[in-house]
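>>> quick check, what structure comes out for this input:
(2 chains)
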Amino acid sequence: MSVDKDTVNKIARLSRIAISDAEADKMVGELNGILAWVEQLGEVDVTGVEPMTAVIPNKLRLRDDVVTDGDVREKVLANAPAREGSFFGVPKVIE
Amino acid sequence: MTDFSRMGVAAIRDGVANGEFKAVEVAEALNARVANAKALNAFIVETPEKALEAAAAVDADRAAGKPLGKMAGVPIGMKDLFCTEGVQTTAASHILEGFVPTYESTVSANLWKAGAGMLGKLNLDQFAMGSSNETSYFGNVISPWRRNDGSNAALAPGGSSGGSSSAIAARLCPAATGTDTGGSIRQPAAFTGISGIKPTYGRCSRWGIVAFASSLDQAGPMARDVRDCAIMLEAMAGFDPKDSTSLDLPVPEWEAGLNSDLKGKRIGIPREYRLDGIDEDIAAMWDNGIAWLKDAGAEVVDISLPHTKYALPAYYIIAPAEASSNLARYDGVRFGLRDLPDGSGLQDMYAATRAAGFGAEVRRRIMIGTYVLSAGFYDAYYTQAQKVRALIARDFEQAWASCDLILAPTAPSAAFGLGEKTSDPLAMYLNDVFAVPASLAGLPAMSVPGGLSKDGLPLGLQIIGKALDEQSVLNAGLAIEERSGFTAEAGEWW
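Numbering: from 1, shown residues only, chains lettered A, B, ... in the order given. Sure thing, here's the model as predicted:
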């Protein structure tokens, strides 16, 4: 499989990364180089093999359903690039 | 006067505990060395006040007769991937420039609790993506090592933990934290003539470490000898309910368990690691390593890890896929950089912020990850890679039937020059060819110095062990250290 410029632009859009026309052109070659190389995985016979989900056997723990933190509004907002009162500020979303 | 820069973790800890010197004296001496080594660019932020504060607390505890921690009085470097409360944490990225966490990572908190102090935050490849420390927004880290041909070419300290390796090799700190996703502790250790261990996945909590690829990320210590790695790993490791993949197991006493007598141990030599055209110096070092382990009493056996050649391509699907998901959090809303072009809406803000905030390699990996996870391609790439990953883990499982440890080179070459591999991402990725399989299988693996190349540069030997058997890995590392006679160090040109 290989990607063309339209696909690169689509991937960039899905990734929420703005790219210029020149960057998209460059990225076509780079991504195709990497994708051609990973393609060799297709030659491995994986019949009957389950995809790995955990490297070390470990069961997901459940904790008691109680409040363990909170009340840290100032800490949560401390690094906000734009703060409005006790909220994160964002550009207008709904016209 | 005592030269604290030549002391390791154990020597400083013991000297402080025995009252031979004060922790504050050590911190002052190393603070000065850090301040005078700007040419290496190993630190993004220096925190001399933190080192002094921790040292003063240790001196006060000792004066008061209180028990001292495992790392009491030892100043260390902290890779700038660990969140440190009140101290900027950037992952060497522009998008996190100025980010000051309001919380402390579990691993760093464990180290401070053990009495260590922080000299500063160490430079790295951006978001730990790189093998040469050339992707940092804050500039390249320079290795203190130089080739013996008089060229003075600036060499890569390895990556991603390149600030850590450079600082330790330059004797700015006795030890530092590293993180290893696909070789990021072991390869830089090999490039700079120091030791480093990636423990079993789940030994060290990932909580508060800037995430790259969560199923692979694992923290570990880097230091100048095996004992120091054992001490520091004990201080870093431990169960943490805040990390869902943390192992709920007691932390072994690895330092007390050190023993370089390898009688009864079988060492596997994987034939697939002997690549065509293997570097002569690397092959010779590997042979020396085999002889040293035999001398320590081990039996050496040939083994096969048949899926080795597929480890790297599987890694370069799995790691970018997880990264694309993990790095979705950088949206310019809650923390970090925001780029809001005039008159733009929310979607434009996301795209502009991420374009401005991520470096080229990070953008490349996010896009690869997004592609392999996208509708129609998920099974062909991601599911296939996870199946191959299962086969790689099975290769190791089957090898353990005939051996207890595996010995291989850490990297396929000595350190390369800065700029030599940046134009070709694939050539850079190949640096981790020997390191990635153990990462994919979650196994403990260590690099120790194995000798010098013809150019006078350090080479590393890698020991891979069974899950949870860090002790045997450390013991084999110690056996090599006792026999290699590796005392070379970088000349102090900076």
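>>> and the residue of chain A at minimum distance from chain B, how close does it get to B:Trp400?
Distance from chain B to each residue of chain A (C-beta to the nearest C-beta) is smallest for A:Val55, at 3.0 Å. Yep, even glycine has a C-beta here, placed from its N, CA and C like the rest. As judged by C-beta to C-beta, to the nearest Å, A:Val55 and B:Trp400 stand 15 Å apart.
>>> same deal with B:Gly419?
In terms of C-beta to C-beta, B:Gly419 sits 41 Å off from B:Trp400.
>>> look at those two and report which has more neighbours.
The neighbour count for B:Gly419 versus B:Trp400, taken as other C-beta atoms under 10 Å in any protein chain shown, is higher for B:Trp400 (18 against 13).
>>> thought that one was touching B:Gly465?
No. Counting by C-beta atoms under 8 Å, B:Gly465 is not a contact partner of B:Trp400; they are 9.4 Å apart.
>>> contact partners for B:Cys403?
Contacts for B:Cys403 (C-beta atoms under 8 Å, 6 or more residues apart in numbering or on different chains) come out as B:266-268, B:301, B:303.
>>> so the one helix or strand in chain B whose mean pLDDT sits lowest, near chain A or not?
Ranked by mean pLDDT, DSSP states H and E, the helix or strand of chain B with the weakest confidence is helix B:425-429, at a mean of 84. Yes. Helix B:425-429 is in contact with chain A by C-beta under 8 Å from any C-beta of the partner chain, via B:425-426.
>>> just the residues contacting that helix, thanks.
Defining contact as C-beta under 8 Å, 6+ apart, one finds that helix B:425-429 is touched by A:30, A:33-34, A:37, B:130-132, B:312, B:316, B:361, B:364, B:421-422.
>>> now do the strands in chain A.
With DSSP state E as the criterion, chain A has strands at A:83-84, A:87-88.
>>> quick one: contacts for residue 25?
As the question left the chain open, I've gone with chain A. Applying C-beta under 8 Å, 6+ apart, we find A:Asp25 in contact with A:Lys5.
>>> switch to chain B, that's the one I care about
B:Glu25 sits next to B:2, B:4 when contact means C-beta under 8 Å, 6+ apart.
>>> sec struct for it, please.
Per DSSP: H, G, I helix; E, B strand; the rest coil, the local secondary structure of B:Glu25 is helix.
>>> what's the burial count for B:Met78?
30.
>>> wait, a helix at it?
No. Counting by three-state DSSP, B:Met78 falls outside a helix, being strand.
>>> surely it and B:Asn123 touch.
No. B:Met78 is beyond contact range of B:Asn123, at 11.3 Å (criterion: C-beta under 8 Å).
>>> sec struct for B:Glu104, please.
Taking three-state DSSP as the rule, one finds B:Glu104 in the coil state.
>>> any idea how far B:Pro221 is from it?
Distance from B:Glu104 to B:Pro221, counting by C-beta to C-beta: 18 Å.
>>> which of the two has more residues huddled nearby?
Neighbour count, other C-beta under 10 Å: between B:Glu104 and B:Pro221, B:Pro221 has more, with 31 against 19.
>>> neighbours of the residue nearest to B:Gly456 when sequence neighbours are not counted, how many?
Leaving aside its sequence neighbours, B:Gly456 sits nearest to B:Asn148 (C-beta to C-beta, 6 or more residues apart in numbering or on different chains; 3.2 Å). Using other C-beta under 10 Å, B:Asn148 is surrounded by 13 other residues.
>>> now the helices for chain A?
Secondary structure of chain A (DSSP state H): helices located at A:5-14, A:21-38, A:73-77.
>>> what bits of the chain have low per-residue confidence?
All of this refers to chain A. Within chain A, the stretches with pLDDT under 70 are A:1, A:95.
>>> ah, no, chain B please
B:1.
>>> got the contact list for the residue in it that chain A sits nearest to?
Of all residues in chain B, the one sitting closest to chain A is B:Gly442 (3.0 Å; C-beta to the nearest C-beta). B:Gly442 sits next to A:55-56, B:200-202, B:218, B:393, B:467 when contact means C-beta under 8 Å, 6+ apart.
>>> just B:Pro270 next, same as before
Each residue near B:Pro270 by C-beta under 8 Å, 6+ apart is listed here: B:303-305, B:308, B:399, B:406, B:408.
>>> by neighbours, which of those residues wins?
Counting neighbours by other C-beta under 10 Å, the top entry in the contacts of B:Pro270 is B:Ile406, with 26 neighbours.
>>> so what does the helix or strand containing that residue touch, helix or strand wise?
According to DSSP states H and E, B:Ile406 maps onto strand B:405-409. On a contact count with 3 or more C-beta pairs under 8 Å, 6 or more residues apart in numbering or on different chains; DSSP states H and E, strand B:405-409 meets strand B:266-270, helix B:280-295, strand B:458-465, helix B:470-484.
>>> got the phi/psi numbers for the most centrally placed residue in chain B?
Residue closest to the mean C-alpha point of chain B, counted by C-alpha atoms, centre = their mean, is B:Ile185 at 2.1 Å. B:Ile185 adopts backbone torsions of phi -100, psi -50, taken as degrees, to the nearest 10.
>>> contacting residues for it?
The contact partners of B:Ile185, by C-beta under 8 Å, 6+ apart, come to B:161, B:178-179, B:196-198, B:220, B:222, B:447.
>>> swap in B:Asn259?
B:475, B:478 are the contacts of B:Asn259 under C-beta under 8 Å, 6+ apart.
>>> try it again with 10 Å
Residues in contact with B:Asn259 (C-beta atoms under 10 Å, 6 or more residues apart in numbering or on different chains) are B:471-472, B:474-475, B:478-479.
>>> follow-up on the earlier one: now the residue of chain A closest to chain B: closest residue in space, sequence neighbours ignored.
Among residues not flanking A:Val55 along the chain, B:Gly442 sits closest, at 3.0 Å (C-beta to C-beta, 6+ apart).
>>> going by secondary structure, the one you found is in what exactly?
Following DSSP H and E, there is no helix or strand that holds B:Gly442.
>>> how far away is it from B:Met232?
20 Å.
>>> for A:Gly85, same thing?
44 Å.
>>> more neighbours: which of those two?
Neighbours of A:Gly85 and B:Met232, each counted by other C-beta under 10 Å, are more numerous for B:Met232; the result is 30 against 6.
>>> touching, that one and B:Gly69? I think so.
No. Taking C-beta atoms under 10 Å as the definition, B:Met232 is not a contact partner of B:Gly69, at 11.6 Å.
>>> okay, and the common contacts of these two?
Contact with both B:Met232 and B:Gly69 is made by residues B:111, B:114, B:116, according to C-beta under 10 Å, 6+ apart.
>>> just checking, the first one is part of a strand?
No. Counting by three-state DSSP, B:Leu111 is not part of a strand but helix.
>>> what is the burial count for B:Phe43?
Using other C-beta under 10 Å, B:Phe43 is surrounded by 26 other residues.
>>> since we're on B:Gly264, how many residues are nearby?
B:Gly264 has 9 neighbouring residues, counting by other C-beta under 10 Å.
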